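[1] Fold the following for me, if possible:
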Amino acid sequence: MKRTTSFYLITGCLTLLSVFASCWQDRSGEYYALVGSKSWIYTTMQEYYLYYQDVPEESELNFFQKPAEFLSAAASEKDGKNGVLYSHIDSVKTASTRTLSDSPTFGFEAVMLQTPQGEYALQVLYTQPQSPAEEAGLKRGDLIIGADSMKISSSDYTKYVTNPTAAHLFTLGSYNAESEQIDTIGTVQMPAPRIIEIQNLLKTSLINTGNRKAAYILYNEFGEDEIPQWQSLYSQLAAAQPDDIILDLRYNPGGYVSTAQVVGTLLAPQSALGQTMLYMTGNDKLNLTETYTFDTNLLPGGSILSYQNLYVITSGNTASASEIIINCLRPYMTGNLYQVGEATFGKNVAQALYTNDQYPQLEFWLTTYYLSNADGYKDYDVEGLPADYTQSEPYGGNLGELGTETDPLMQPILIRMATGSFPTAETATRTLASPRMLVVKNSVAEKRKTARTNLSFQSLSDFLPGN
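    Here you go, the predicted model:
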């Protein structure tokens, strides 16, 4: 440790210590063991937290709570959205296995749907390679309506999607628009869940339409160790020389800012290289702004990628580090960056990592920075970044194959590539009929929205002169 932590006592705890003393036993060590980690969290928030003014007085907090519960009680209402807190605490075990699933999984993402008749189904959004779901033959768009001869119910989402524990025989179905019910079409045997390697850079391909060629990239999280993959992809793209690039971030909740810097640099026009990409600004106590550039040192040697238009596919689950890419490229790609899909989530803050040698099992990710582009724009936290062409996925209907002409969110892009204009409201791509089904849950929506900085601090002294 670089400093001595100051512990904050609450009135009730002083009374407790007096009881210990009356018994002629020094049990202060037990007390500090109970409250020490929360005192460190509190001290850190008072100094680094973007919303430190909103932290309650120590007398209003319960220092005997578990760290995550204490953080939730101390955090500002501004630090989150839709009931989810941005600042969070990870265990070292969770943090050290980011390329693997946190727990045994079937390896697919899905939405839970409800028909007008009250039936439930799980629709597959995508599957991970070499996963139980892929082995079972599940594919995007499949509707799971039953398991082991029982219908899917509203309480089965965790059991079959987020936290499965056993193998199942899944029943597949197809939505009947006339009856507004789901008809049975077959079964698949799902193997037991297991730990799998998560592939965030899930699909890349080349697409030709009219006289133009586009590179399609499906990216589902900005992982910490994926920079070599992106640099290798850059070299491949430079060799292929596509006219346009389609970056699909519809299922991407964010990730590491350092990886976003690499992706942004690789996609930036040559005129932007060396220029400011991102400002990360701390609170008025720190008076600190970190500047990220489109850094030419991140480019692999060899050919230079040159293309005309960047199309970014987004949804309400596109968040944080994903929004950095769009917001920070816009000042340099006016008239050449098009956002297709839905408005993004709207998260314009980043979390920095704080650790303490006395509590090595905890990784404290605290909201520390505002995120803004070279023009200083950061006001997208309420409504997100709006799409240039709005279209939603037809859940319950035909989702098509990702990155192809059958994908409803790809169709307007391909039309613009071929004709120079997006389709009008009267065209089929804008009026795709979605079954009248209610989205009850979405596994992508439940993922943590993150912009994690690689700046980490062990103590308050990290910002003092000479450190």
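[2] The nearest residue to Asn163 once chain neighbours are set aside is in what secondary structure piece?
    With CB to CB, 6 or more residues apart in numbering as the criterion, Asn163 has its nearest non-adjacent residue at 6.6 Å, and that residue is Ser103. (Glycine included, C-beta is placed from N, CA and C.) Using DSSP states H and E, Ser103 maps to neither a helix nor a strand.
[3] What's the separation between Ser103 and Thr162?
    According to CB to CB, to the nearest Å, Ser103 and Thr162 sit 9 Å apart.
[4] Any idea how far apart the tips of stretch 355-363 sit?
    Distance across stretch 355-363, first residue to last, is 6 Å (CA to CA, to the nearest Å).
[5] can you tell me the average pLDDT over it?
    Taken as a whole, stretch 355-363 has a mean pLDDT of 93.
[6] Buried residues, it. List them.
    355-356, 359, 362-363 (16 or more other CB atoms under 10 Å).
[7] what's the neighbour count on Thr240?
    Not Thr; residue 240 is Ala. Ala240 has 13 neighbouring residues, counting by other CB atoms under 10 Å.
[8] can you check Met280 too?
    Other residues close to Met280 by other CB under 10 Å number 22.
[9] tell me which element it falls in.
    With DSSP H and E as the criterion, Met280 is inside strand 276-281.
[10] Direction included, what does that strand pair against?
    When pairing is defined by DSSP bridges, strand 276-281 lines up against strand 289-293 (antiparallel), strand 362-372 (antiparallel).
[11] And those: which comes nearest Ser315?
    strand 362-372 (19.5 Å; CB to CB).
[12] what separates the closest one from the chain centre, distance-wise?
    Relative to the mean C-alpha coordinate of its chain, strand 362-372 is positioned 14 Å out (CA atoms, centre = their mean, to the nearest Å).
[13] do stretch 377-395 as well
    Worked out by CA atoms, centre = their mean, stretch 377-395 lies 15 Å from the chain centre.
[14] when you give positions from now on, start the count at 135
    That works, and once the first residue is 135, the last one we named lands at stretch 511-529.
[15] mind listing what's buried in it?
    Judged by neighbour count using 16+ other CB under 10 Å, the buried positions of stretch 511-529 are 511, 514-515, 518-519, 521-523, 525, 527-529.
[16] Also stretch 190-209?
    Result for stretch 190-209 [16+ other CB under 10 Å]: buried residues 192, 195, 197, 199, 201, 204-206, 208-209.
[17] remind me which residues of the stretch 285-434 of the chain are low pLDDT?
    Within the stretch 285-434 of the chain, no range satisfies pLDDT under 70.
[18] hmm, try it at 90
    For the stretch 285-434 of the chain, the stretches flagged by pLDDT under 90 are 309-315, 344, 358-359.
[19] Which stretches in it count as strands?
    Secondary structure of the stretch 285-434 of the chain, counting by DSSP state E, counting those that start in this stretch: strands at 302-310, 315-324, 335-343, 346-353, 378-382, 388-390, 410-415, 423-427.
[20] deepest of these, which one?
    strand 388-390 (a mean of 26; mean count of other CB atoms under 10 Å).
[21] tell me the contacts of the residue nearest to Gln442 when sequence neighbours are not counted?
    Among residues not flanking Gln442 along the chain, Asp377 sits closest, at 5.6 Å (CB to CB, 6+ apart). Contacts for Asp377 (CB atoms under 8 Å, 6 or more residues apart in numbering) come out as 346-348, 441-443, 551.
[22] where's Asp377 relative to Gly398, distance?
    Distance of Asp377 to Gly398, given as CB to CB: 20 Å.
[23] circling back to that earlier point, secondary structure and distance to Leu303 added to the buried residues of stretch 511-529, as TSV?
    Output for the buried residues of stretch 511-529, formatted as TSV (DSSP: H, G, I helix; E, B strand; the rest coil; distance: CB to CB, whole Å):
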residue	secondary structure	distance to Leu303
Tyr511	coil	52
Tyr514	coil	45
Asp515	coil	45
Gly518	coil	40
Leu519	coil	43
Ala521	coil	40
Asp522	coil	44
Tyr523	strand	41
Gln525	coil	35
Glu527	coil	28
Pro528	coil	28
Tyr529	coil	24
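[24] Return the residues in contact with Tyr182.
    416-417, 419-420, 486, 488, 500, 502, 591, 594.
[25] Kindly recompute the last result at 6 Å.
    Taking CB atoms under 6 Å, 6 or more residues apart in numbering, we find Tyr182 in contact with 500, 502.
[26] And Val391, by the same measure?
    By CB under 6 Å, 6+ apart, the contact set of Val391 is 484, 585, 587.
[27] before we move on, what about Ile316?
    Ile316 neighbours (CB under 6 Å, 6+ apart): 253, 255, 279, 307, 309.
[28] So which elements touch the host helix or strand of the second one?
    When you say that, I think you mean Ala255. Assigned by DSSP H and E, Ala255 belongs to strand 254-261. In terms of contacts (3 or more CB pairs under 6 Å, 6 or more residues apart in numbering; DSSP states H and E), strand 254-261 is packed against strand 242-248, strand 277-281.
[29] please redo it, this time with the cut-off set to 8 Å
    Counting contacts by 3 or more CB pairs under 8 Å, 6 or more residues apart in numbering; DSSP states H and E, strand 254-261 packs against strand 242-248, helix 266-270, strand 277-281.
[30] The first one: how far from the chain's middle?
    Same thing as strand 242-248. Averaging C-alpha positions (CA atoms, centre = their mean) puts strand 242-248 17 Å from its chain's average.
[31] Can I get that strand in PDB, CA atoms only?
    Taking Å, rounded to 0.1, in the frame of the first residue of the first chain, the C-alpha atoms of strand 242-248 are listed here in PDB:
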ATOM      1  CA  PHE A 242     -26.500 -18.700 -26.700                       C
ATOM      2  CA  GLU A 243     -28.100 -15.300 -26.200                       C
ATOM      3  CA  ALA A 244     -31.900 -15.100 -26.400                       C
ATOM      4  CA  VAL A 245     -35.000 -13.000 -25.800                       C
ATOM      5  CA  MET A 246     -38.000 -14.300 -23.900                       C
ATOM      6  CA  LEU A 247     -41.200 -13.600 -25.800                       C
ATOM      7  CA  GLN A 248     -44.900 -13.700 -24.900                       C
END
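[32] Could you check the angle it makes with strand 277-281?
    80 degrees (axes from the mean of the first three to the mean of the last three CA atoms, to 10 degrees).
[33] for strand 242-248, what is the average pLDDT?
    97.
[34] just checking, what packs against that strand?
    Packed next to strand 242-248, using 3+ CB pairs under 8 Å, 6+ apart, are strand 254-261, strand 572-576.
[35] What's the end-to-end length of stretch 432-439?
    13 Å.
[36] Correction: the previous question concerned stretch 325-332.
    First-to-last residue span, stretch 325-332, CA to CA: 18 Å.
[37] With stretch 430-444 instead?
    19 Å.
[38] which residues make contact with it from outside it?
    349, 361, 365-366, 368-369, 371-373, 375-379, 381, 395-396, 399-401, 404, 407-408, 463, 467, 470-472, 551.
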